[in-house]
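In: Have a look; sequence and predicted model below, questions after that.
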Amino acid sequence: MYLNKLVVLTGSTVSGIDDTTQVIDLDHADVTCDPLEDFPEKLQRAFGALWSEYSLPIVCGGMMSNAKYSDRCYELGNPDPILTLSIPRSNPGVVILANGQLWITGGFGGHSYGEWLTTSEIISPKLPDKTTPGPELPAGMMEHCATALNDTSVMLIGAGAAYIYHFDQETWTNVPALNMGVSSIGCGLIITTDGAFSMVFLTGGRDSYGFINHLTHLWSDIDVSLVMEGSPMPQSKAHGAGVSTLDKKSYYFIGGRFPLGGFSDTILKLQCDSIYFCQWNMMAQVLNPARSDLVVFLVPDNLVKCTSNSIGNSTLS
């Protein structure tokens, strides 16, 4: 299934912590999509995922408008929580595993005033009302990124560290070469447009000095010690949200914050024609309002309603 409808929700805006939603057609700038219902809570730094193209998105955790951390999970279209996390958390690294489960790693939160978390937990679409403990992290991590390297290995990178967890061996590997000292980043596995090669990438974020950068680093998913510098982002920004297409041939970095302050309304698209040539493009579509610390999904057409503004105002979904 091809997914080209982007759902944007929650986050920080110039007006404060937000609960509004926006739906964007990534293929057609002249298409207007109806927003979904407002999210049940005003949140920033929440997280979530679309388990599969046949399921509804789920959004969990985050920081509420009263500066407390949330332990609740909501399914799209349901105003009532469907799940309670083992601990309140924001800014974790999350990844869909090969078995369809959502692995939630680290983050910031807890039951006190907030701490860097070393715990992880796993939720499953087959048991959507339960959470089970996951592997303990080697160190507390927050504002980091998680991406699957293959069916059994997941990389966590950011917050001054880089680790790979091997589910088949139940072991961690430290990867010092990938410790870029950045957080609030975008990352993922991207496949070249011809399908011949796959690479892991790390982009944007802020370093230990608080500087927000535009650099993009690439490395082979086979030998992660070989790091290359890729095409820089058109803008320097952090605290955005990233999402990959199902075929992993395109990645979008949405919203965020700029180095001198202010919120971004831009959507940046990354594609790689080869391991030596990757290119960013700024999309014509924009966020309204501009926001950072947001949650994004690509969803099937049947979940949204969009109308073309060009010819006959035809309904697209």
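Out: That came through fine.
In: now P79: how far from A241?
Out: 23 Å (Cβ to Cβ, to the nearest Å). Using the backbone N, CA and C atoms, a C-beta is placed for each residue, glycine as well.
In: Kindly report the same for V154.
Out: Where A241 is concerned, V154 sits at a distance of 19 Å (Cβ to Cβ).
In: for V31, same thing?
Out: 21 Å.
In: between those two, which one's more packed in?
Out: More neighbours surround A241 than the other of V31 and A241, with 24 against 21 (other Cβ atoms under 10 Å).
In: can you tell me which residues contact the closest residue to that one other than its chain neighbours?
Out: Distances taken as Cβ to Cβ, 6 or more residues apart in numbering place V296 nearest to A241, at 4.4 Å, with adjacent residues excluded. Contacts of V296 were listed using Cβ atoms under 8 Å, 6 or more residues apart in numbering, and they are 6-9, 241-243, 252, 254.
In: likewise G230?
Out: Going by Cβ under 8 Å, 6+ apart, the list of residues near G230 reads 201, 203, 216-218, 272, 278.
In: mind running it again at 10 Å?
Out: Contact analysis of G230 by Cβ atoms under 10 Å, 6 or more residues apart in numbering lists 190, 199, 201-203, 215-219, 270, 272, 275-280.
In: any weak-confidence spans in the stretch 101-250 of the chain?
Out: 112-113, 128, 177-180, 221-226 (pLDDT under 70).
In: ranges for the helices of it?
Out: Along the stretch 101-250 of the chain, counting by DSSP state H, counting those that start in this stretch, no stretch forms helices.
In: thought Q44 was touching G62?
Out: Yes - with contact defined as Cβ atoms under 10 Å, Q44 counts as touching G62 (6.2 Å).
In: Please report the number of neighbouring residues for the nearest residue to M64 once chain neighbours are set aside.
Out: Once flanking residues are discounted, M64 sits nearest to S70: 5.5 Å by Cβ to Cβ, 6+ apart. The local packing of S70 (other Cβ under 10 Å) involves 23 other residues.
In: looking at it, S70 is touching L83, isn't it?
Out: No - in this structure S70 lies outside contact range of L83 using Cβ under 10 Å: 11.5 Å.
In: so what sits against both of these two?
Out: C60.
In: Alpha carbons of stretch 97-110, as PDB, please.
Out: Output of stretch 97-110 as PDB, limited to C-alpha atoms (Å, rounded to 0.1, in the frame of the first residue of the first chain):
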ATOM      1  CA  LEU A  97      10.100  -4.200  15.300                       C
ATOM      2  CA  ALA A  98       9.900  -6.900  12.600                       C
ATOM      3  CA  ASN A  99       7.200  -8.600  14.600                       C
ATOM      4  CA  GLY A 100       5.000  -5.500  14.500                       C
ATOM      5  CA  GLN A 101       5.600  -4.500  18.100                       C
ATOM      6  CA  LEU A 102       6.400  -1.000  19.200                       C
ATOM      7  CA  TRP A 103       9.600  -0.700  21.200                       C
ATOM      8  CA  ILE A 104       9.800   2.400  23.400                       C
ATOM      9  CA  THR A 105      13.300   3.200  24.700                       C
ATOM     10  CA  GLY A 106      14.400   5.600  27.400                       C
ATOM     11  CA  GLY A 107      13.100   9.200  27.400                       C
ATOM     12  CA  PHE A 108      12.700  11.700  30.100                       C
ATOM     13  CA  GLY A 109      10.100  11.500  32.800                       C
ATOM     14  CA  GLY A 110       9.400   9.200  35.700                       C
END
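In: got the buried residues for that stretch?
Out: 97, 101-109 (16 or more other Cβ atoms under 10 Å).
In: what residues are up against G77?
Out: 36-37, 56-57, 303.
In: pLDDT at N91, what is it?
Out: N91 is assigned a predicted lDDT (pLDDT) of 95.
In: Please name the nearest non-neighbouring residue to H217.
Out: Using Cβ to Cβ, 6+ apart, the nearest residue to H217 is L202, at 4.8 Å.
In: Bridged to the one you found, which residues?
Out: Note on L202: beta-bridge partners C187, H217, judged by DSSP bridges.
In: What distance do you get for it to V175?
Out: From L202 to V175 the distance is 12 Å (Cβ to Cβ).
In: and what of H144?
Out: With Cβ to Cβ as the criterion, H144 and V175 are 13 Å apart.
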